[in-house]
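Asker: Pasted the sequence and its predicted model underneath.
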Amino acid sequence: MRAIRLKGSGGLERLTVVEMEEPGAPQEGEILVRLHASSLNYHDYLVALGTIPTADGLIPLSDGAGIVERIGEGVSEFAVGDHVVSCFFPEWQNGEATSSGFAKTPGDGVDGYARERVVRPANWFTRAPRNYSHTEAATLTTAGLTAWRALVNDGPLKAGETVLTLGTGGVSMFALQFAKMMGALTIVTSSSDEKLAHARALGADHTINYKQHPNWADQVLDRTGGRGVDHVIEVGGPDTLPQSISACRIGGHIALIGVLTGFSGPIPTVALLTRQVRLQGLTVGNRQQQIEMIRALDANDMTPVIDKTFPLQDLIEAFRYEASGAHFGKICIEV
Ligand SMILES: NC(=O)c1ccc[n+]([C@@H]2O[C@H](COP(=O)([O-])OP(=O)(O)OC[C@H]3O[C@@H](n4cnc5c(N)ncnc54)[C@H](OP(=O)(O)O)[C@@H]3O)[C@@H](O)[C@H]2O)c1
């Protein structure tokens with residue numbers, strides 16, 4: 001079967017199409033999945049570049065969706081033909097987070113899903129939403145679950161509250177859609193007026209161009225009658241966090257998710273404490289949260305925003321497209 005491996009050193013050019021052995025028969029508790037789709041996350045890009053160091057020869061991509069082709073002994077949760085989607089932290093099944101690392105994350109600590117077939121423990125996957133294509137399902141593992149957990153578990157978001165999302169990438173557009181699904185008001189920022197028009201079409205109540213308004217927190221306060229928002233989906237990191245703190249209502253919640261502007265920087269601690277803001281760092285979520293998210297997607301008419309889909313062999317081109325920042329929502333890979 002075909003796969004892609006990260007070989008040697010030197011950025012995206014390391015991504016090499018290889019032929020490899022088909023996996024063997026699933027053993028007790030395992031399933032064999034024919035993978036049909038994946039999707040790209042900033043994390044995958046950092047792995048592909050080598051910014052996040054991984055083992056030589058690693059198969060990249062954390063997201064995977066496909067069909068169960070065979071089941072091992074003792075597997076009762078899935079049957080042959082079921083549509084499934086992978087888990088980002090496969091050994092974090094439920095409860096509080098117990099680890100901060102990526103040692104068992106596919107496409108980082110262990111081989112990922114840039115391949116046609118895989119044998120894995122059954123509980124490394126969940127059922128996919130009923131009416132989703134494989135490509136749509138593949139967006140849920142990382143971006144979908146991060147936005148879901150930030151708002152629903154960590155929030156917890158209530159109808160009528162206001163959610164601010166930064167930029168129009170994968171996590172932020174999921175957050176916009178979940179916030180609307182749950183009856184919240186939404187404010188979206190972007191560098192592009194065209195993307196903001198697209199966000200309004202998706203239900204964004206207010207939009208702000210952060211290039212035209214470098215002090216965009218003032219705009220957020222204007223749009224909320226000076227109160228600020230209840231929840232911020234903070235994907236920028238050090239350069240955006242000070243304004244996210246200013247844009248948050250007193251006692252509000254910032255989901256600290258992303259590193260798009262860097263890995264560290266100064267924090268206005270006095271503003272954080274006087275505004276009594278709850279700053280919650282998070283990495284994706286657990287399998288139980290994924291199951292609950294998928295139940296919500298089954299009960300609602302919400303499908304992810306997919307900008308563009310590339311075939312697996314064009315993975316380098318897909319990452320270059322991601323790096324260009326031209327996308328709105330998710331970039332997907334068909335296997
Ligand atoms: N903690 C976690 O569990 C977790 C999970 C998933 C992702 N993440 C992180 O979250 C971040 C976003 O991930 P993603 O997959 O959604 O990325 P993505 O799809 O590549 O989104 C990138 C978008 O972010 C926006 N952006 C870039 N710089 C910005 C800035 N200074 N201010 C506001 N928006 C800015 C841009 O939107 P416009 O083009 O509209 O300006 C850009 O298109 C990444 O740092 C990623 O590593 C963390």
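Answerer: Yep, it's here.
Asker: Which strand or helix spans the closest residue to residue 308 other than its chain neighbours?
Answerer: Sequence neighbours aside, residue 331 is the residue nearest to residue 308 in space, at 5.6 Å (criterion: CB to CB, 6 or more residues apart in numbering). Heads up, the C-betas are built off the backbone N, CA and C, glycines and all. Using DSSP states H and E, residue 331 sits in strand 330-334.
Asker: Give the pairing partners of that strand; include direction for each.
Answerer: strand 30-39 (antiparallel), strand 306-311 (parallel) (DSSP bridges).
Asker: The residue in the stretch 101-250 of the chain that the ligand sits nearest to pairs with what?
Answerer: Here the stretch 101-250 of the chain gets closest to the ligand at one residue, residue 169, 1.8 Å apart by CB to the nearest ligand atom. Judged by DSSP bridges, the bridge partners of residue 169 are residue 329.
Asker: Who are the contact partners of it?
Answerer: Listed by CB atoms under 8 Å, 6 or more residues apart in numbering, the contact set of residue 169 reads 42, 143, 235, 327, 329.
Asker: Centre-most residue in this structure?
Answerer: Among the residues of the chain, the one closest to the centroid is residue 143, at 1.3 Å (CA atoms, centre = their mean).
Asker: In contact with it, which residues?
Answerer: 39, 41, 169-171, 174, 304, 330.
Asker: 6 Å instead, please
Answerer: 170-171, 174 (CB atoms under 6 Å, 6 or more residues apart in numbering).
Asker: Tell me if the strand holding residue 331 is near the ligand.
Answerer: No. Judged by CB under 6 Å from any ligand atom, strand 330-334 makes no contact with the ligand; its nearest approach is 6.9 Å.
Asker: and if you look at stretch 124-138?
Answerer: No. Stretch 124-138 stays clear of the ligand (CB under 6 Å from any ligand atom), getting no nearer than 13.0 Å.
Asker: How about residues contacting that stretch?
Answerer: Residues outside stretch 124-138 that contact it (CB under 6 Å, 6+ apart) are 36-39, 63, 65-66, 83-87, 90, 290-291, 294, 297-298, 303-304, 309, 332.
Asker: swap in stretch 32-43?
Answerer: Identification of contacts with stretch 32-43 by CB under 6 Å, 6+ apart yields 26, 61, 63-70, 113, 117-119, 134-135, 138-139, 142, 318, 322, 330-335.
Asker: make it 7 Å
Answerer: 23, 26, 61-70, 84, 113-120, 125, 134-135, 138-139, 142-143, 170, 260, 318-319, 322, 330-335 (CB atoms under 7 Å, 6 or more residues apart in numbering).
Asker: Find me the pLDDT at residue 145, would you?
Answerer: According to the prediction, residue 145 has pLDDT 98.
Asker: close enough to count as contact, it and residue 284?
Answerer: Yes. With contact defined as CB atoms under 7 Å, residue 145 counts as touching residue 284 (5.3 Å).
Asker: what residues are shared contacts of these two?
Answerer: residue 88.
Asker: circling back to that earlier point, need the contacts of residue 143 in JSON lines with distance to residue 17, can you?
Answerer: Shown next, in JSON lines, are the contacts of residue 143 (distance: CB to CB, whole Å):
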{"residue": "170", "distance to residue 17": "25"}
{"residue": "171", "distance to residue 17": "29"}
{"residue": "174", "distance to residue 17": "30"}
